[in-house]
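Peer 1: return a 3D structure for these sequence lines:
(2 chains)
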Amino acid sequence: MSEFIRALLSQPFLQNALLTGVLASFACGVVGTYVVVKKIGYISGGIAHAVLGGMGVAYFMGAEPIHGAIVAALLAAIIIGIVSIRVHQHEDTVIGAIWAIGMAIGVIFISRTPGYNVDLMSYLFGNILMVTKSNILTIAVLNVGILAVVMRYYKQFTAVCFDEEYASLQGVNVTYIYILLLCIIAITVVILIQVVGLILVIALLTLPAAIAGHYSKRLIKMMVLASLLGMVFTILGLAVSYGPNLPAGATIILIAGFSYLISFVIKGFLSRRMVRRVRAESSAMQK
Amino acid sequence: MTQNETAVKFENVYFSYDGNLALEGINLDIHKRDFMGVIGPNGSGKTTLLKLILGLLKPEGGTVTVFGKPPHQSRNVVGYVPQHTSFDMTFPATVLDVVLMGRLGQASGFFKYSVKDREVAENALRQVGIHGLKNRHISELSGGQRQRVLIARAMASSAKLLILDEPTASVDSRNEEDIYHLLKELNLTTTIILVTHDLGFISSYVNRVACVNRRLVCHPTSEITGEVINETYQTQVEMIRHKCGL
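Peer 2: Sure, this is the predicted structure:
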């Protein structure tokens, strides 16, 4: 651990990695909370995997993969959003198809790219230690954009997640808000892919929020707690993986995953106690 | 005659799901300050009737008007109370958070609800008698309390018409009576439409009954008063049954 701190002070690549992790946790906590309460992890997975198509095309054309990722993520979000509203019955089939088509396009374009062959693994599993200064700037801008949109539409997003039917009765354009939410998720996915890669991205998006959900009575608390947890997991993951030279993304996810399982057990224990307390209260009232 | 102004009007309304006729030739007048009970067996089209009033469904034939306007234009004065079992109990929201969502149609601005929105929401909670529970999480409530939260949410949007879909399903009988009593009080200023499939309680609270079974068989202009049903409950029910052919 002290080795990690010494390296952090002297190595710019490690400072970049840490900054990326911290920046990513804000979007991760806020948007991940919506993914968890709306139960759209599968939809988010579809968007995340379709992103490889955009990365592959951008790479083939000599552009920045992250720019291709943004375009592909937004496109996938809009298509999936429209499909899930219009044709509810076949939603999962369509999401599965977009998921696979995106990846197939990515693999084909990467294989057709002449010259030095990029390491496909770093797209799939991330390489936070390779993040550049310009990538960090992009991530920061995207982060500010996400937080601004969430601030503006907080009430609408929340109402649509809790009760779509009632939100529409209140005059909220549910289709528009839902697709906007998916676009925000898409941008968040692009940010998080820089940290853990697209295979593991859904875990980083949902696990901190799911743990926070165990201890939060209100949505806003869940978002704050999820952001803090995201930050702890990425920093801890970086620190733990540095010494033995483990893949950082996978280490971050393992830490998050074990924390979730432990929290799940603790939560089950606490809620059994609460049920007993409520029963005791109500039987005392009846006497 | 302000008393008899029309709140909801159905004129020869038809509706079907995938070619199966759900409602057929419905004519109905609901007056302001009515307390209308809508009864009928499962799958008889009661919920469809509500959704037409809310503008969630559009009639295939005929017209529905709510306070003289098409339903989707009068949504801001209609409060809807769905069955309380229909929402996600694990959602991180307190009682007050849920009631505040009833202000969404009126609310403006960024992020938080205004002080005025909070006042309206807290008043609605006082009216339904659960203001003391405002900071509880929605999973820490009994069925009856949950139903009150949803009634408060509907009232928070300054509703002139409250529409309730089986508000007492899965609520015990003592709470059921309390909720009907509360609705009776609200009825002093608000028009109420209540869907139920148990005739038992509503008879003493409602002033009109509509029986739905694809057609609106017992036309409410027959004006069966609550007292009449109550006094001669057995025979009256038999009579309604007979007339409706339910």
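Peer 1: ok, residue A:28 - contacts?
Peer 2: Shown in contact with residue A:28 (CB atoms under 8 Å, 6 or more residues apart in numbering or on different chains): A:188, A:191-192, A:204-205, A:208-209, A:226-227, A:230. All C-beta spots, glycine's among them, are computed from the backbone N, C-alpha and C.
Peer 1: an error on my part: the question was meant for residue B:136.
Peer 2: Contacts for residue B:136 were tallied using CB under 8 Å, 6+ apart; they are B:94-95.
Peer 1: need phi/psi at it.
Peer 2: Main-chain dihedrals, residue B:136, degrees, to the nearest 10: phi -70, psi 150.
Peer 1: same deal with residue B:15?
Peer 2: phi -150, psi 140.
Peer 1: okay, and the beta partners of it?
Peer 2: Taking DSSP bridges as the rule, residue B:15 bridges to residue B:23.
Peer 1: how about the residues of the stretch 1-150 of chain A by chain B?
Peer 2: Within the stretch 1-150 of chain A, the residues that sit near chain B (CB under 8 Å from any CB of the partner chain) are residue A:37.
Peer 1: brain fart, the stretch 151-287 of chain A
Peer 2: A:151-152, A:154-156, A:158-159, A:161-163, A:165-172, A:213, A:216-219, A:221-222, A:278.
Peer 1: let's see it at 10 Å
Peer 2: A:151-156, A:158-163, A:165-172, A:212-223, A:271, A:274, A:278, A:282 (CB under 10 Å from any CB of the partner chain).
Peer 1: take the contacts of residue A:28 and write them to JSON lines, including secondary structure and distance to residue A:139.
Peer 2: Shown next, in JSON lines, are these (DSSP: H, G, I helix; E, B strand; the rest coil; distance: CB to CB, whole Å):
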{"residue": "A:188", "secondary structure": "helix", "distance to residue A:139": "11"}
{"residue": "A:191", "secondary structure": "helix", "distance to residue A:139": "5"}
{"residue": "A:192", "secondary structure": "helix", "distance to residue A:139": "10"}
{"residue": "A:204", "secondary structure": "helix", "distance to residue A:139": "14"}
{"residue": "A:205", "secondary structure": "helix", "distance to residue A:139": "15"}
{"residue": "A:208", "secondary structure": "helix", "distance to residue A:139": "17"}
{"residue": "A:209", "secondary structure": "helix", "distance to residue A:139": "19"}
{"residue": "A:226", "secondary structure": "helix", "distance to residue A:139": "18"}
{"residue": "A:227", "secondary structure": "helix", "distance to residue A:139": "15"}
{"residue": "A:230", "secondary structure": "helix", "distance to residue A:139": "14"}
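Peer 1: helix, strand or coil: sort out residue B:90 for me.
Peer 2: The three-state assignment at residue B:90 reads coil, by DSSP: H, G, I helix; E, B strand; the rest coil.
Peer 1: for chain A, which residue is closest to the average position?
Peer 2: Chain A has residue A:205 as the residue nearest its centroid, 2.7 Å off, counting by CA atoms, centre = their mean.
Peer 1: surely it is in contact with residue A:186?
Peer 2: No: the criterion here is CB atoms under 10 Å, and residue A:205 misses it with residue A:186 at 11.2 Å.
Peer 1: overlap of the contact sets of these two?
Peer 2: A:31, A:44, A:48 (CB atoms under 10 Å, 6 or more residues apart in numbering or on different chains).
Peer 1: between the residues you listed, which is nearest chain B?
Peer 2: Lowest distance from chain B to those (CB to the nearest CB) belongs to residue A:31, with 15.0 Å.
Peer 1: picking that back up, how far away is the nearest residue to the residue nearest to the centre of chain A once chain neighbours are set aside from residue B:149?
Peer 2: Leaving aside its chain neighbours, residue A:205 sits nearest to residue A:32 (4.6 Å; criterion: CB to CB, 6 or more residues apart in numbering or on different chains). According to CB to CB, to the nearest Å, residue A:32 stands 27 Å off from residue B:149.
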